[in-house]
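[1] dropping a prediction and its sequence here:
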Amino acid sequence: MKTRLYRGVLVFSILAALCFGLLYVRADMTMTKFARLQQTYDGNPLDPEFYAPRWMPRSMDRGIAYLVEKVSADEAKAYHLKNRLRLTLGAEIPTIRLTAVKSIRPEFGDAMRQFSNATSVVVWFSTKADKLTETDATQVCKVLRDMPSLEHLDLAGIQFTDAAIAPLANHPKLADLWLPARHVTRTSISTFSSMPSLRTLLLMTGTGNTPPSDETLAITKALAGKVTVQQR
């Protein structure tokens, strides 16, 4: 009886270790994707913060954080280890934040498309991005259109014009869209109308709360009853 129990515990331990190993390898592959993406643009460091998976109780997550901090006195190493463990245990892909982007390399599209399950993306072109053009912004939007799970998108930069965001048309799940107001006009109404899941459109002026422009009013009227349009 004891022998059978021992064998059962041993088999369970081996299977558990194997499963955790496979999950860890998958997490490592995800981190490699982020590292690859970092190499395809010039801007602020890409430092994804993973949150505890939905199934994990807060007490368990706090316990993991406590143990990690005990094991590593280095705050940076402890932070990355917590990230890795959360990802291994099933954390979802967090918001992908590409900020202060000054240039984009040709490999950007392939690296970004690896995150087809990402639900939230932020792409902010730097105000000093002299090398970036409307063509670059268009390319970014083409890549984002190929991410079918995307629900929240925040774009910033004068390069994101009506023509640049046109490739986003017919995105199936995009629900919240934040855009720079400066070059987005009523010309984009057809683009917005084609998005079946769009619920909120926020046009950013960068100057605080301002009265809606004529273009914003025209967009608001055209999308009335379907999309909440705001300008600030």
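    Nice, thanks for sending it over.

[2] in the sheet, who's paired with Ile96?
    Beta-bridge partners recorded for Ile96 (DSSP bridges): Val121.

[3] let me know the pLDDT of it.
    Note on Ile96: pLDDT of 96.

[4] so it touches Arg113, yeah?
    No - using C-beta atoms under 8 Å as the test, Ile96 is too far from Arg113 to be in contact (11.8 Å). No exception for glycine: its C-beta is placed from N, CA and C like everyone else's.

[5] higher neighbour count, these two?
    Ile96 (19 against 12; other C-beta atoms under 10 Å).

[6] contacting residues for that one?
    Neighbouring residues of Ile96 by C-beta atoms under 8 Å, 6 or more residues apart in numbering: Leu37, Leu46, Pro48, Met112, Phe115, Ala118, Ser120, Val121, Val122.

[7] same question for Met147.
    Met147 neighbours (C-beta under 8 Å, 6+ apart): Met112, Arg113, Phe115, Ser116, Ala118, Val121.

[8] right, and the second one touches Asp146 too?
    Put plainly, it is Arg113. Yes - using C-beta under 8 Å, Arg113 makes contact with Asp146 at a distance of 5.5 Å.

[9] over to Thr228: give its phi and psi.
    phi -90, psi 120 (degrees, to the nearest 10).

[10] what is the neighbour count of it?
    Thr228 has 13 nearby residues by other C-beta under 10 Å.

[11] for Glu151, same thing?
    17.

[12] report the lowest-confidence entry in the contacts of Met147.
    On pLDDT alone, Ser116 ranks lowest of those, at 90.

[13] now the contacts of Ile96 as JSON lines including distance to Lys128 and neighbour count?
    As requested, the contacts of Ile96 are exported to JSON lines (distance: C-beta to C-beta, whole Å; neighbours: other C-beta atoms under 10 Å):
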{"residue": "Leu37", "distance to Lys128": "21", "neighbour count": "20"}
{"residue": "Leu46", "distance to Lys128": "19", "neighbour count": "16"}
{"residue": "Pro48", "distance to Lys128": "25", "neighbour count": "17"}
{"residue": "Met112", "distance to Lys128": "22", "neighbour count": "25"}
{"residue": "Phe115", "distance to Lys128": "27", "neighbour count": "19"}
{"residue": "Ala118", "distance to Lys128": "27", "neighbour count": "19"}
{"residue": "Ser120", "distance to Lys128": "25", "neighbour count": "17"}
{"residue": "Val121", "distance to Lys128": "22", "neighbour count": "22"}
{"residue": "Val122", "distance to Lys128": "18", "neighbour count": "15"}
